[in-house]
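Engineer: Here is a sequence with its predicted model. Questions after.
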Amino acid sequence: MFGALRGLLEKTIELATWDSVHGLNGSLKESRIENGMQGVTVKVVTLLEDPFVMVAENILGQPKRYKGFSIDVLDALAKILGFKYEIYQVADSKYGSQLPNGSWNGMIGDLINKRADLAVSAITITPERENVVDFSKRYLDYSVGILLRKPEEKINIFSLFAPFDLAVWACIAAAIPVVGVLIFLLNRLQALRSSATQNAPPGPPTNGGVGPGSLNSAIWIVYGAFVHQGERKRW
């Protein structure tokens, strides 16, 4: 994402030759690139985008100056390699995309048409652009993100009823007493049959109507079955 380069390194440098008779002629040790860029003036095309490339405050009558992260990197390279540069803004204010006729606009177009030697800006590396220009190693990766407002947490005392619809809860509430009454009647019928078989009168419920054969106990049995519906038994 730092910049694109074309034209500066297209010249082939012959280091050595080899043949089957004379063998190696020359040295394979490549000279440093600094030696080939001393005193070279590089044309640099750029596009303004904070904080990578920005216009600095200019003194009246002086050429336009630039600042930013990419400009700092460019100044460091110029100091290390020993070259000078002339920087200008791209005319159409575009990074570069391929047109229907196969040509390119923006900074990529200036590089392809050799109007510039180097492009410095927050230009994105794409496969299409890599086919026509050479990029430096990217120094920044970014991705698209979506910002959502955090929902307000509200305490609802009726959230207990959220799992089921109101009609389902009504059916459950109606089923508990109905099933409880049926269980109570079945217990009473069973008690009557037992008494008739043993020729003994059926006894009243114990503990004031809350014994094992009472209506209250039958309803509590049904309620307990609903409450413990999801409980797992551990052995």
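Structural biologist: Good, I have the coordinates.
Engineer: quick one, what contacts the residue positioned nearest the centre of the chain?
Structural biologist: For the chain, the residue sitting closest to the mean C-alpha position, by CA atoms, centre = their mean, is residue 145 at 6.2 Å. For residue 145, no residue meets the contact criterion (CB atoms under 8 Å, 6 or more residues apart in numbering). C-beta coordinates here come from the backbone N, C-alpha and C atoms, glycine included.
Engineer: quick one: contacts for residue 46?
Structural biologist: 53, 66, 70, 87, 88, 89, 90, 107, 119, 120, 121.
Engineer: On the strand side of things, show who the second one bridges to.
Structural biologist: Spelled out, it's residue 66. In this entry, residue 66 is beta-bridged to residue 55, by DSSP bridges.
Engineer: So it is in contact with residue 51, correct?
Structural biologist: No - in this structure, residue 66 is not within contact of residue 51 by CB atoms under 8 Å, at 11.9 Å.
Engineer: what about residue 195, how many neighbours?
Structural biologist: Neighbour count of residue 195, defined by other CB atoms under 10 Å: 13.
Engineer: other SSEs contacting the helix or strand containing it?
Structural biologist: Here residue 195, judged by DSSP states H and E, is contained in helix 166-198. Where contact means 3 or more CB pairs under 8 Å, 6 or more residues apart in numbering; DSSP states H and E, helix 166-198 is packed against helix 215-227.
Engineer: what about the helix it packs on, distance to the chain center?
Structural biologist: 52 Å (CA atoms, centre = their mean, to the nearest Å).
Engineer: Looking at that helix now, give me its mean pLDDT.
Structural biologist: The average pLDDT for helix 215-227 rounds to 74.
Engineer: Now that helix: buried residues?
Structural biologist: In terms of neighbour count (16 or more other CB atoms under 10 Å), helix 215-227 has its buried residues at 215, 217, 218, 219, 222.
Engineer: Compute the distance between the third one and residue 173, please.
Structural biologist: Note on residue 218: its distance to residue 173, by CB to CB, to the nearest Å, is 16 Å.
Engineer: quick one: low-confidence ranges for the protein?
Structural biologist: 1-15, 26-36, 58-63, 160-161, 198-213, 226-235 (pLDDT under 70).
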